[in-house]
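# Structure of the sequence below:
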Amino acid sequence: MLRIQFPHYEALRIHGEETYPHECCGVLLGKNEPGQDGPVNVVHQIVRAGNTRTDSAHNRYNIAPGELIKIQRQARGLGLDIVGFYHSHPDHPAMWSSTDIAEAHWLGCSYVITRVAQGKAEVTNSFLLLGTSEEDKSFADEAIEIEIAEAVS
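Purely as a prediction, here's the structure:
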């Protein structure tokens, strides 16, 4: 399961709207915690990343290795881990593609995809990357639990 606070959930969806008609991308920082039905990737922060794809930015994304290392160091400094990644699918379903699985390498991480149709975020889904190696990795549908903070009076 992926657990995310509402403001972070909304921020990654808005990121997709802002970069439309190109794909946005970013990193989910948090902790992997035990849950009743298995591990839970709990998001504490999202970090926007630049999409370095210049050839197909409308249907592909890439986070530069140097930027990813910088984000990983930032996470470590906060006592957090990389628990997932997010990107948008402009005018395409919020389902993983053959390219998404081929380019996913962080086993145990959540991969969040938002369908952005005509500039408006619609469906957001998450997929957990399972397996023990590149040879047997696969995506499994993952529930998203959105936490809504109570107003403090």
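# contacts, neighbours, all on C-alpha from now
Will do.
# centroid residue for the protein?
Tyr86 (2.2 Å; Cα atoms, centre = their mean).
# Tell me the bridge partners for that residue.
Gly26, Val112 (DSSP bridges).
# Surely it is in contact with Glu23?
No: assessed by Cα atoms under 8 Å, Tyr86 is found out of contact with Glu23, at 10.0 Å.
# Let me know the secondary structure of Arg68.
You called it Arg, but residue 68 is Leu. helix (DSSP: H, G, I helix; E, B strand; the rest coil).
# Tell me, how many residues neighbour it?
Neighbourhood size, Leu68 [other Cα atoms under 10 Å]: 15.
# next one: Ala102
Neighbours around Ala102, by other Cα under 10 Å: 11.
# is it true that Phe6 touches Glu147?
Yes: counting by Cα under 8 Å, Phe6 touches Glu147, with 5.6 Å between them.
# Tell me where the model's unsure across the chain.
Applying pLDDT under 70 to the chain picks out residues 150-153.
# So which residues of it form helices?
All helices of the chain, identified by DSSP state H, fall at 6-19, 65-77, 98-102.
# deepest of these, which one?
The highest mean neighbour count among those, using mean count of other Cα atoms under 10 Å, belongs to helix 6-19: a mean of 19.
# which secondary structure elements does that helix contact?
strand 40-49, strand 81-90, strand 110-117, strand 120-130, strand 144-147 (3 or more Cα pairs under 8 Å, 6 or more residues apart in numbering; DSSP states H and E).
# No more questions from me, cheers.
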